[in-house]
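**Q** any chance you could fold what I've pasted below:
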Amino acid sequence: MLQPLNLGAVAFTLSISYDVFLPNKIGIQVAKLKEDSGLALVYTDCIKIDAEGRELEIISSRCPPPERFVREYLTGGFVTAVTMLIRRECIGRVGPFDESLRAYEDYDMVLRLLKHYRLEYVPITTMKYRWHTANMSHKFRILQECRDRLFLKVLQSFSPQEIFGDLLAYKSIAEAYEWLSLVFARQFTFGAARLAMKKSIEESFSLKRVAMLCLFKLINVKPVLWIVLTARQIRGMIKKRWLANRPVWGNKSG
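**A** Below you'll find the predicted structure:
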C-alpha cells in the first residue's frame, strides 16, 4: 500500500512500513524535478533490509528508452516504488492512486504518468526498504489477482504502438500480442493472457492461437494456481533465509 504525501510543489510516495530515508534523498530528487518541468517522476535504487535493519541486498532500477519502456515494465517491473518522488500537478492530471488495487498500484501510477510525461532514473541508493513477512510482497494470491487486473487495464488503455514500440519493427501486431499473451501466461495472469491472445486473433486468425486461447481457459483453475502460488511462497521463505546471511556488496548512495 502506497500513500501520497505533499512536499511543497511536489508530492512523494513511500511505503507505509518502517522504511528509512538516506541523507539527501528528498533534496536530490526535488532538484531533478525542478531542473526539468517535463519530468513527472524520479526514482532511484534502494537497499533491502530485514525486520532488524540488517542490509540484505541492493535493489537496482533502470530506465529503458521510451520505445521499450511499457513492454519491459510488463515483463518485469524495474521502478522501485518506495523511492518514487512524483510532481503533484501530474497526479492531479492522471488521477490519484487506484485504491481498488490492493497491490501494484505503483505500477499502475507509473504507466498512467508515462502516457503524458517522462520519468527519470537516478542511479544512486536513497533509502532502505524493510522486507518482512507482513509486506504485501509475501501475499502472493493478492499479488496475482492485482497483477492480472493491472495487465488487463494496460491492454485496454494502451495502443499496440504504445505497448510494443520498436518490437513492431520486426513483428506484426498479431505476433506481438501473441508473444505478450505467452508472457502473461507464464506469470499465471490468465485473464490478461486471454485478452492479449484475443487481440492477436482479431489481428490475424490462426488455429494455433485459438488452441492456445482455449488452453488458457482450461488451465485457469484454482487448484493449479494454488499449487503454483504455494510453491512461490515457499521459495520466498527460502530466499529470505538466504538473504539474511548474504552481505551487501557496495553502496551507491549519494
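**Q** for this protein, longest strand please?
**A** Ordering each strand of the chain by length in residues (DSSP state E) puts strand 118-130 first.
**Q** elements contacting the following helix or strand past that strand?
**A** Note on strand 118-130: by DSSP states H and E, the next helix or strand toward the C-terminus is helix 140-157. Judged by 3 or more CB pairs under 8 Å, 6 or more residues apart in numbering; DSSP states H and E, helix 140-157 is in contact with helix 66-75, helix 105-114, helix 190-203, helix 222-244. For glycine as for every other residue, the C-beta is placed from the backbone atoms N, C-alpha and C.
**Q** quick check: buried residues in helix 140-157?
**A** Neighbour-count burial for helix 140-157, counted by 16 or more other CB atoms under 10 Å, picks out 140, 143-155.
**Q** which of those residues has the weakest pLDDT?
**A** Minimum pLDDT for the buried residues of helix 140-157 is recorded at F140 (73).
**Q** do you know how far it is from F188?
**A** With distances taken as CB to CB, to the nearest Å, F140 is found 10 Å from F188.
**Q** rewinding a little: which one, of the helices and strands packed on helix 140-157, ends up nearest to E162?
**A** Comparing the helices and strands packed on helix 140-157 against E162 with CB to CB, the closest turns out to be helix 66-75 (5.9 Å).
**Q** pLDDT of that closest one, averaged?
**A** The predicted model assigns helix 66-75 a mean pLDDT of 93.
**Q** run the chain-centre distance for it.
**A** The chain centre lies 10 Å from the centre of helix 66-75; the measure is CA atoms, centre = their mean, to the nearest Å.
**Q** starting at the chain centroid, how far to the helix or strand following it?
**A** Per DSSP H and E, helix 66-75 leads on to strand 85-87 as the next helix or strand towards the C-terminus. In this view, strand 85-87 has its centroid 17 Å away from the chain centroid, taken as CA atoms, centre = their mean.
**Q** other SSEs contacting strand 85-87?
**A** Counting contacts by 3+ CB pairs under 8 Å, 6+ apart, strand 85-87 packs against strand 10-15, helix 25-35, strand 39-49.
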